[in-house]
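Undergrad: fold the following, please.
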Amino acid sequence: MRRLVSLYRILLRGSPVLTLPGTLALLLVAAVVGSPGWFLGAAVLCHMAELLVERLAPEADRPLRWGGMAAGARLMARQAALVLLLVRAADVSDATVVTAVAGLFVLDWTRAMALAGSASLERVGRIPYATRNLGKGEPAFPAPPPAWQPRLVGLLEQHGDALPLVFGAAGLLTGAPLPSLLAGLGVTAAAALAVCAGQLPRLRRLRYLLNGAHVGKDVQRRVTAYQPEVVLYFTGLTSNAYQANMWLEALERLDRKAMVVVRTPELARALAPTPLPIVCVTRAEDVMNFDWSSVRVALYTGNTGKNLHLLREPHIKHVFVGHGDSDKDSSSNPVSKVFDQVWVAGPAGRDRYRNSDAGVRDEAIVEVGRPQLTGIETGPSGNEVPTVLYAPTWEGWDSEHSYCSLLTMGEKIITTLLAQGSLRVIYRPHPYTGTRMAAARAAHERVIELIERANRAGGAHSVVTGAEASLHDCFNRSDMLITDISSVISDYMPSLKPYMVSNPNGLDEAEFRTAFPSASAAYLLNPDCAELGVIPGVLAAPDQDALAEKRRELRDYLLGPESPDAMTRFAAAVDALAEAGPRSTLYGVPAQPATLEPA
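TA: You can find the predicted model right below:
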């Protein structure tokens with residue numbers, strides 16, 4: 001079945017003329033001939049073609065749009081064919097034809113209202129301000145529509161003529177065209193009116209939120225009353241929300257008032273549940289005109305252009321905290337020198353900047369640990385069957401900085417692990433996988449197919465993707481990790497479990513470990529994947545693991561000392577910076593605050 005679908009997809013991509021215009025031509029011929037039976041069959045084929053093209057090859061519609069035969073034009077042509085059928089068919093009264101013309105006219109206007117409402121609601125991205133957790137009556141985001149609304153809007157847009165066509169043709173076959181036609185028109189119109197009624201509350205809310213002057217004053221009043229001292233500032237794609245989510249709990253545990261600032265409504269909705277106030281300020285001029293006078297420390301998870309809109313505030317101490325420490329080049333980005341301080345997990349992060357050309361001064365680097373890792377359990381998972389987690393990174397922004405094993409080794413890794421029979425496999429890809437390279441997406445899909453096939457044969461393996469893909473939960477469910485050079489290594493370190501790092505380019509082992517210190521306590525995996533054979537032995541006799549002590553040393557190097565704990569160090573760094581004097585005297589503050597002694 002999968003092969004047939006793939007073949008049909010290829011045919012659709014190559015020959016859209018044989019699908020959408022072809023079935024429409026059959027419908028028009030049936031109308032001219034005046035054959036209700038042929039018309040009914042052609043109508044079904046038309047809408048089947050629309051569905052197949054929409055789901056399997058949506059790009060096949062592009063040439064038709066260029067030629068003026070977009071979905072709306074095709075729908076109008078089908079409606080005209082229905083009227084033509086009624087004119088050509090025998091024993092159809094003028095009243096039926098007039099009813100069809102008037103009914104379709106009214107239906108189209110009703111559909112237009114529903115589609116216009118849907119388009120208006122998409123302007124939610126233009127809301128200048130919105131908040132969460134800032135008190136009763138706040139300018140909160142409109143609630144997302146129930147799932148049936150966007151689905152019904154899509155059906156009305158693409159297939160709003162389906163019931164009138166089918167019911168009208170069936171009515172001709174049964175000798176009752178007028179009642180059948182009215183039924184088709186009535187049901188479709190009722191669906192459109194139901195959509196319109198469901199949209200009204202959100203449209204009213206949206207109208208209020210688009211009043212930037214009024215809403216901005218309300219948001220400013222609420223933020224001023226809250227008096228935040230620490231802000232997590234986050235911009236970027238919605239798929240990046242995990243970068244902010246990983247810091248929410250740490251901010252919640254601070255003794256100082258913290259707040260999250262985002263730049264798009266979509267990002268605000270993508271954040272994990274939190275009691276922290278969340279403020280969305282969409283426009284650059286509004287960020288720059290906002291009163292941030294109570295804020296002392298701003299934390300940034302990524303290097304994005306919109307950071308500039310808050311970085312210009314001279315009284316705030318600006319800190320790059322990132323979203324994970326790794327040996328990737330991005331973990332020592334020269335852009336980081338625009339911040340007052342750069343907070344890293346441990347000595348490895350400091351050395352990474354010191355050994356790079358990033359230009360970040362050593363006194364600007366503060367080691368705060370990774371407070372997000374407190375829930376990671378140490379030692380074996382306790383599973384009846386030893387479990388291996390394969391968590392490759394994505395393909396990177398360019399091939400020169402790609403550390404991804406999935407492209408060249410992923411299928412071989414999974415095939416070899418599944419063939420061993422004595423292991424359970426968890427596959428947890430990076431959220432960005434396949435966003436730059438179609439080859440990475442294809443490799444990802446092939447890996448999933450391998451795992452699904454093994455499960456159909458009685459396996460119990462897992463594919464963990466999507467918003468619910470908790471990496472730390474995967475850590476606790478695993479007994480060993482296979483990954484690439486990425487922050488996954490550092491985050492896995494608290495478990496002290498064995499891990500294997502891919503060496504997709506087959507570099508010399510000593511050269512690889514020198515270039516990537518996070519792999520110094522790893523079992524290396526070369527392109528032929530022969531090293532996978534050691535996994536059962538390592539998991540069967542953990543007390544004989546030759547790299548166990550090396551991992552303990554590496555954990556302290558990557559993440560800093562166990563005592564004081566990372567949350568204590570993070571909170572102390574926030575306090576030290578918040579209490580520091582003007583930025584001109586900032587580097588008189590010790591890089592490691594004296595308050596970091598163990599309790």
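Undergrad: secondary structure class for the residue sitting furthest away from the middle of the chain?
TA: Within the chain, the residue lying farthest from the chain centre (C-alpha atoms, centre = their mean) is residue 91, at 57.4 Å. With DSSP: H, G, I helix; E, B strand; the rest coil as the basis, residue 91 sits in coil.
Undergrad: roughly how far does it sit from residue 528?
TA: Relative to residue 528, residue 91 is positioned 77 Å away (C-beta to C-beta, to the nearest Å). For glycine as for every other residue, the C-beta is placed from the backbone atoms N, C-alpha and C.
Undergrad: ok, residue 177 touching residue 164?
TA: No. Under the criterion of C-beta atoms under 8 Å, residue 177 is not in contact with residue 164, lying 11.3 Å apart.
Undergrad: show me the contact partners of the helix or strand harbouring residue 130.
TA: Using DSSP states H and E, residue 130 falls within strand 129-132. Strand 129-132 is contacted by residues 138-141, 209, 212, 215-216, 218-219, 222, 265, 268, 277-282, 286 when judged by C-beta atoms under 8 Å, 6 or more residues apart in numbering.
Undergrad: so for it, what's the average pLDDT?
TA: Averaged across strand 129-132, pLDDT comes to 91.
Undergrad: equivalent analysis for stretch 272-280, please.
TA: 95.
Undergrad: and what of stretch 511-529?
TA: 92.
Undergrad: just the residues contacting it, thanks.
TA: By C-beta under 8 Å, 6+ apart, stretch 511-529 touches 326-327, 348, 351, 405, 408-409, 412-413, 416, 482, 485, 489-490, 498-507, 509, 531-532, 534, 538, 547, 550-551, 553-554, 557-558.
Undergrad: show me these that map onto strands.
TA: 482, 499, 500, 501, 502 (DSSP state E).
Undergrad: relative to residue 391, how far out is the last one?
TA: Here the distance between residue 502 and residue 391 works out to 11 Å (C-beta to C-beta).
Undergrad: what's the overlap in contacts for these two?
TA: With C-beta under 8 Å, 6+ apart as the test, residue 502 and residue 391 both reach 482, 483.
Undergrad: of these two, who's got more company?
TA: residue 502 (28 against 25; other C-beta atoms under 10 Å).
Undergrad: for that one, which non-adjacent residue is closest in space?
TA: Spatial nearest neighbour of residue 502, excluding adjacent residues (C-beta to C-beta, 6 or more residues apart in numbering): residue 405 at 3.6 Å.
Undergrad: give the contact list for the one you found.
TA: 392, 393, 413, 484, 502, 504, 525.
Undergrad: can we see that at 7 Å?
TA: 392, 484, 502, 504 (C-beta atoms under 7 Å, 6 or more residues apart in numbering).
Undergrad: tally of neighbours for the last one?
TA: So the one you mean is residue 504. Residue 504 has 20 nearby residues by other C-beta under 10 Å.
Undergrad: kindly report the same for the second one.
TA: Residue neighbour count, defined by other C-beta under 10 Å, stands at 26 for residue 484.
Undergrad: state the phi and psi torsions of it.
TA: Taking degrees, to the nearest 10, you get phi -110, psi 180 for the backbone angles of residue 484.
Undergrad: so what's residue 427 bridging to?
TA: Counting by DSSP bridges, residue 427 is bridged to residue 390, residue 463.
Undergrad: for it, give me its contacts.
TA: 390, 414, 447, 451, 463.
Undergrad: any buried residues in stretch 403-421, and which?
TA: Burial within stretch 403-421, assessed by neighbour count using 16 or more other C-beta atoms under 10 Å, is assigned to 403-407, 409-411, 413-414, 416-418.
Undergrad: centroid residue for the chain?
TA: Mean-position check on the chain, C-alpha atoms, centre = their mean. Result residue 239 at 2.9 Å.
Undergrad: hang on, that residue packs against residue 431?
TA: Yes. The criterion here is C-beta atoms under 7 Å, and residue 239 meets it with residue 431 at 5.5 Å.
Undergrad: sec struct for residue 430, please.
TA: coil.
Undergrad: report the rounded mean pLDDT for the longest helix seen in the chain.
TA: Taking DSSP state H as the criterion, the chain has its longest helix at helix 177-209. Mean pLDDT, helix 177-209: 92.
Undergrad: compute the inter-axis angle for the next helix or strand after it and helix 177-209.
TA: Downstream of helix 177-209, the first helix or strand assigned by DSSP H and E is helix 212-226. Helix 212-226 runs at 50 degrees relative to helix 177-209, counting by axes from the mean of the first three to the mean of the last three C-alpha atoms, to 10 degrees.
Undergrad: which outside residues touch helix 212-226?
TA: Under C-beta under 7 Å, 6+ apart, the answer for helix 212-226 is 128-129, 131, 134-135, 138-139, 209, 257, 259, 277, 279, 286, 290-291.
Undergrad: now stretch 430-440
TA: Contacts for stretch 430-440 (C-beta under 7 Å, 6+ apart): 239, 242, 392, 393, 394, 395, 397, 404, 406, 407, 441, 444.
Undergrad: now for those residues, which pair is the farthest apart?
TA: Using C-beta to C-beta, the two most remote members of the contacts of stretch 430-440 are 242 and 407, lying 22.2 Å apart.
Undergrad: tabulate the contacts of stretch 430-440 (JSON lines), appending secondary structure.
TA: Below are those laid out as JSON lines (three-state DSSP):
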{"residue": "239", "secondary structure": "helix"}
{"residue": "242", "secondary structure": "helix"}
{"residue": "392", "secondary structure": "coil"}
{"residue": "393", "secondary structure": "coil"}
{"residue": "394", "secondary structure": "coil"}
{"residue": "395", "secondary structure": "coil"}
{"residue": "397", "secondary structure": "coil"}
{"residue": "404", "secondary structure": "coil"}
{"residue": "406", "secondary structure": "helix"}
{"residue": "407", "secondary structure": "helix"}
{"residue": "441", "secondary structure": "helix"}
{"residue": "444", "secondary structure": "helix"}
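Undergrad: now tell me which of these the prediction trusts least.
TA: Among the contacts of stretch 430-440, residue 397 has the weakest pLDDT, 68.
Undergrad: helices of the stretch 1-150 of the chain, start to end?
TA: 2-14, 20-33, 36-56, 62-66, 71-88, 94-121, 148-159 (DSSP state H, counting those that start in this stretch).
Undergrad: which residues touch the last one?
TA: Okay, so that is helix 148-159. 47, 50, 54, 71, 111, 114, 115, 118, 191, 192, 195, 198.
Undergrad: what sits closest to the second one if chain neighbours are left out?
TA: By the measure of C-beta to C-beta, 6+ apart, the closest residue to residue 50 outside its immediate chain neighbours is residue 158, 5.7 Å from it.
Undergrad: and that neighbour, how far from residue 283?
TA: On the measure of C-beta to C-beta, residue 158 and residue 283 end up 34 Å apart.
Undergrad: same deal with residue 293?
TA: From residue 293 to residue 283 the distance is 20 Å (C-beta to C-beta).
Undergrad: hang on, the earlier thing: and the contacts of stretch 511-529, which of them are buried?
TA: Buried among these by 16+ other C-beta under 10 Å: 326-327, 348, 405, 409, 413, 416, 482, 485, 489-490, 498-504, 531-532, 538, 551, 554, 557-558.
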